[in-house]
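Trainee: Got a predicted structure plus its sequence, pasted below:
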Amino acid sequence: MTPWVFRLIVANVAVFMLQMANPGIERYLEFVPILALRHPWTVVTYMFVHASPGHIFFNMLGLYFFGPRLELTLGSRRFLQLYFTAGIAGALLSLLTFSPTIGIVGASGAIYGVFYGYARYWPHDRILIWGILPMPVWLFVLIMTALSLFGGLNALRGQGGTTAHFAHLGGFLAGYLYFRWGARRWSSGQFRARAAPAPPRATETDLERWTRIDRTTMHPVNQEELDRVLAKATAHGPLSLTHDERAFLDRFSPA
């Protein structure tokens with residue numbers, strides 16, 4: 001697991017445990033539109049508050065599966081920018097469907113921004129919905145967007161229940177705009193180069209070191225990436241690897 005994915009999961013779990021021990025603390029952390037000017041910090045803190053064990057479980061599960069590879073690709077700073085931009089946008093867009101006096105909680109907006117970022121880089125990766133239904137990531141994001149839009153429109157008619165569907169859409173929208181902004185400011189190559197420092201020139205010694213990586217301690221997504229990159233290095237030599245691929249291997253290889 002990458003550093004900031006791990007820290008975000010720990011922070012969310014810690015806040016949830018604090019909620020369980022002291023339920024009253026939620027009112028100081030949730031985002032209540034009518035109190036936004038009095039409690040401006042809640043546009044960020046609401047992302048760490050969850051309504052139930054199931055709520056936090058599924059949000060953290062999404063971050064665990066989709067976050068590490070995206071953080072490795074973007075770099076920690078840009079990953080955090082995407083995460084918090086999507087979360088804040090989720091709070092703001094949810095104002096379209098929620099009463100100004102109802103509190104909004106959950107990391108869903110931020111997680112949906114991560115979903116979008118993952119789909120942008122690896123749209124054809126296949127995931128298992130409920131552990132049994134295979135689906136490419138691009139289709140998963142498309143379905144989730146459609147469900148959020150449907151739920152949001154129902155909420156506008158007073159039939160949306162307690163789910164902040166427009167917060168999910170805000171996360172997707174923020175992800176889209178974040179990458180559009182990045183694409184305008186830098187070329188794709190420059191964007192990737194700025195996301196992580198370039199490792200030193202690879203050698204055959206590096207290849208031997210990389211083959212000693214203990215894959216049993218790695219996330220399944222990282223295991224797949226390890227197999228792909230090592231196969232490329234073995235077939236075409238270590239100099240064939242990109243800067244991002246070498247940085248990935250160096251991150252997990254023994255000293």
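Mentor: Arrived safely.

Trainee: Provide the secondary structure category for His50.
Mentor: Three-state call for His50 (DSSP: H, G, I helix; E, B strand; the rest coil): coil.

Trainee: Can you give me every residue that contacts it?
Mentor: By Cβ atoms under 8 Å, 6 or more residues apart in numbering, His50 lies in contact with Asn12, Val15, Phe16, Gln19, Ile56, Asn59, Val105, Gly106, Ala107. Glycine gets a C-beta too; all of them are placed from N, C-alpha and C.

Trainee: What segments of this structure are helices?
Mentor: According to DSSP state H, the chain carries its helices in the segments 3-21, 26-29, 42-45, 53-74, 76-93, 108-121, 137-156, 165-185, 188-195, 204-210, 220-236, 243-252.

Trainee: Now the contacts of His50 in a markdown table, please, with extra columns for distance to Pro254, pLDDT and neighbour count.
Mentor: Shown next, in a markdown table, are the contacts of His50 (distance: Cβ to Cβ, whole Å; pLDDT from 0 to 100; neighbours: other Cβ atoms under 10 Å):
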| residue | distance to Pro254 | pLDDT | neighbour count |
| --- | --- | --- | --- |
| Asn12 | 31 | 96 | 21 |
| Val15 | 35 | 95 | 19 |
| Phe16 | 35 | 95 | 20 |
| Gln19 | 40 | 92 | 19 |
| Ile56 | 34 | 94 | 23 |
| Asn59 | 33 | 92 | 21 |
| Val105 | 42 | 89 | 24 |
| Gly106 | 39 | 88 | 29 |
| Ala107 | 34 | 91 | 30 |
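
Trainee: now, which of those residues sits nearest Thr234?
Mentor: Checking the contacts of His50 against Thr234 with Cβ to Cβ, the nearest one is Asn59 at 38.1 Å.

Trainee: low pLDDT regions in the chain?
Mentor: Residues of the chain meeting the criterion pLDDT under 70: 96-99, 130-131, 152-166, 183-204, 255.

Trainee: what about 50?
Mentor: Within the chain, the segments meeting pLDDT under 50 span 188, 193-199.

Trainee: Nearest the middle, which residue of it would you pick?
Mentor: Central residue check for the chain by Cα atoms, centre = their mean: the C-alpha nearest the mean position is that of Val114, 2.8 Å away.

Trainee: any idea how far Leu80 is from it?
Mentor: 11 Å (Cβ to Cβ, to the nearest Å).

Trainee: swap in His219?
Mentor: Distance of His219 to Leu80, given as Cβ to Cβ: 19 Å.
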